[in-house]
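>>> no sequence on this one, just coordinates:
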């Protein structure tokens, strides 16, 4: 059990393939300003700020010192996580549970057009074993996909089907990244330019420029302000071994563990979950993660893709937002999954609103081939 | 025309500032990875470590067990023919494109007899040969000459020509 009720009460998201007009600081400033306006909060309402960003991507040491002011943390309690904002959210949650703060802002950003996604993930490869053999985010995820193909009986067609469903769904979501959330057939997804077999440009999320902002608040603050909240009732996280050759890449044991922890904390079971938002940086990772969560209707998570159970109209909707394939900002798109799930639970998801949205799981990943996973249980 | 009224081309807004970061590092591999790399270089030997707690054999070696707070300092040399566990044919060159290669090449998980983990390394052959490789396919090492003490002292692997034991 979480010792106090903490809710997600507001947000803003900005994602573009490329924005040459704005600096990182401008992007953060505009998104934070928009989030405050969207939620009806003033900067004085915010007690503490947690940022998520990356020094390598920004090319600046301790990059968040440059965004203290645009992120609204001037002369406030503030800190930073060098990982997806989904982990910054965990940090913020713990701060609120300490009883010292009432309202926390999470700010996650990056600008992939300033430093290629391959350089960012390639520098995440260790200098002795992985970097000299060209390992980066794409190629290690492709290796994971190859193991999953062998073990699960999935085919490249199944991965293309996930990409087509997510991107077509993203076309309906105004929060998607223009050019990424687009109506697409399975054949079109199969025919996209290859990156590393079986991954191609349709089944891989393309990193762009942007920022995601989320507000967390205590129950007392939420009642006082009469805010509409999505409640965090459980969370879990876990990390596997670093070296991919040490891991069982046919499944995601750390996602299994994180899900089990989160469900146990929330006192619920996977069958009581209406829908999930998965941080699928690659299409196969959506099936792999759903399998790790045990989120399925038919015989397996793969069967559900084939039967259509995972579409927004199906009985086990996955990524009704369109997922990260419809908009990916490194360090922000995992938090984006939580943002989308919370909008669904508050009945504020707009064009992509599901009919049945009372309880959800939201997932984010970090590291090469999902080394680390975090899962939240969110409830209306 | 006043002095600050310039031609349109010269007044184009500055949108990006190009730059690069060049910094020299020397990374310490520590005794276990250092020993593995030294043996590769000097003896063309494949050195693995055994976890004293679980008896699992790790290749490439690291100094600590992933599963328990115990040092992995029991070395063993692996011999025999490596096989392919899984591989991806890389078409888009990464930032850290392996020296001397260009796509297509394979990034692969490779299993040596006696190891319980996969070595992540390169397989080089024609696209058709790479696409035809199945899990379990026999591979052989192409050593680099001269060697310098890096993981690329195994320059890359190739599909085994004999199919038999090395």
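Received the coordinates, thanks. Since we're looking at a predicted model, the values are computed, not measured.
>>> quick check: residue A:167 is in a helix.
Yes - under DSSP: H, G, I helix; E, B strand; the rest coil, residue A:167 falls within a helix.
>>> hang on, it packs against residue A:181?
Yes - between residue A:167 and residue A:181 there is a contact at 5.9 Å, judged by Cβ atoms under 8 Å. All C-beta spots, glycine's among them, are computed from the backbone N, C-alpha and C.
>>> list residues touching both of the two?
Shared contacts of residue A:167 and residue A:181, defined by Cβ atoms under 8 Å, 6 or more residues apart in numbering or on different chains, are found at A:322, A:326.
>>> could you pull out the helices for the stretch 251-380 of chain A?
A:253-266, A:283-293, A:301-307, A:333-345 (DSSP state H, counting those that start in this stretch).
>>> for the third one, what is the average pLDDT?
Which is helix A:301-307. Per-residue pLDDT over helix A:301-307 has a mean of 98.
>>> by contact count, what packs against that helix?
helix A:156-170, helix A:283-293 (3 or more Cβ pairs under 8 Å, 6 or more residues apart in numbering or on different chains; DSSP states H and E).
>>> what's next to that helix, contact-wise?
Applying Cβ under 8 Å, 6+ apart, the contact partners of helix A:301-307 are A:152-154, A:158, A:161-162, A:287-288, A:290-291, A:295-298, A:309-310, A:314, A:316.
>>> about what we covered before: which of the helices of the stretch 251-380 of chain A sits closest to residue B:137?
helix A:283-293 (22.0 Å; Cβ to Cβ).
>>> now do that closest one: distance to the chain's middle.
14 Å (Cα atoms, centre = their mean, to the nearest Å).
>>> returning to what we had before: just the buried subset of the contacts of helix A:301-307, please.
A:152, A:154, A:158, A:161-162, A:287-288, A:290-291, A:295-296, A:309-310, A:314, A:316 (16 or more other Cβ atoms under 10 Å in any protein chain shown).
>>> could I get the contacting residues of residue A:147?
Counting by Cβ under 8 Å, 6+ apart, residue A:147 touches A:249-250, B:85-86, B:109.
>>> same list (the helices of the stretch 251-380 of chain A) but as TSV, adding distance to residue B:18.
Listed next are these as TSV, based on distance: least, Cβ to Cβ, whole Å:
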stretch	distance to residue B:18
helix A:253-266	39
helix A:283-293	34
helix A:301-307	44
helix A:333-345	27
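>>> for those, which one sits closest to residue A:22?
helix A:333-345 (18.2 Å).
>>> give me the buried positions along the closest one.
A:333-345.
>>> which strands or helices does that helix pack on?
Partner elements for helix A:333-345 (3+ Cβ pairs under 8 Å, 6+ apart): strand A:6-16, helix A:85-97, strand A:209-218, strand A:230-239, strand A:275-277, strand A:359-366, strand A:372-379.
>>> switch the cut-off to 6 Å
The contact analysis (3 or more Cβ pairs under 6 Å, 6 or more residues apart in numbering or on different chains; DSSP states H and E) places helix A:333-345 against strand A:6-16, helix A:85-97, strand A:209-218, strand A:275-277, strand A:359-366, strand A:372-379.
>>> adding mean pLDDT, write those out as a markdown table.
Shown next, in a markdown table, are these (pLDDT from 0 to 100):
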| stretch | mean pLDDT |
| --- | --- |
| strand A:6-16 | 98 |
| helix A:85-97 | 98 |
| strand A:209-218 | 98 |
| strand A:275-277 | 98 |
| strand A:359-366 | 98 |
| strand A:372-379 | 98 |
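>>> tell me which residue lies nearest the centroid of the chain.
Using chain A here. residue A:334 (1.6 Å; Cα atoms, centre = their mean).
>>> not what I meant, chain B
The centre of chain B sits closest to residue B:121, judged by Cα atoms, centre = their mean, with a distance of 4.2 Å.
>>> flag the shaky bits of the chain, pLDDT-wise.
You didn't say which chain, so I picked chain A. Applying pLDDT under 70 to chain A flags no residue at all.
>>> if you could check chain B rather than the one you did, that'd help
Using pLDDT under 70, chain B drops low at B:1-9, B:162-166.
>>> list the buried ones in the lengthiest helix in it?
Ranked by residue count, the top helix of chain B under DSSP state H comes out as helix B:30-43. Buried residues in helix B:30-43, defined by neighbour count with 16+ other Cβ under 10 Å: B:32-33, B:35-37, B:39-41.
>>> circling back: farthest-separated two in the buried residues of helix A:333-345?
Farthest pair in these, by Cβ to Cβ: A:333 and A:345, 19.1 Å.
>>> and the strands in chain B, which stretches?
Along chain B, counting by DSSP state E, strands occupy B:46-50, B:57-58, B:74-78, B:83-90, B:105-111, B:119-123, B:139-143, B:154-159.
>>> just tell me which of those ends up closest to residue A:326.
It's strand B:83-90; of the strands of chain B, that one is closest to residue A:326 (Cβ to Cβ) at 24.2 Å.
>>> so which residues make contact with that closest one?
If you take Cβ atoms under 6 Å, 6 or more residues apart in numbering or on different chains as the criterion, strand B:83-90 is touched by A:139, A:142-143, A:146-147, A:196-197, B:103-109, B:111, B:118, B:123, B:130, B:133, B:135-139.
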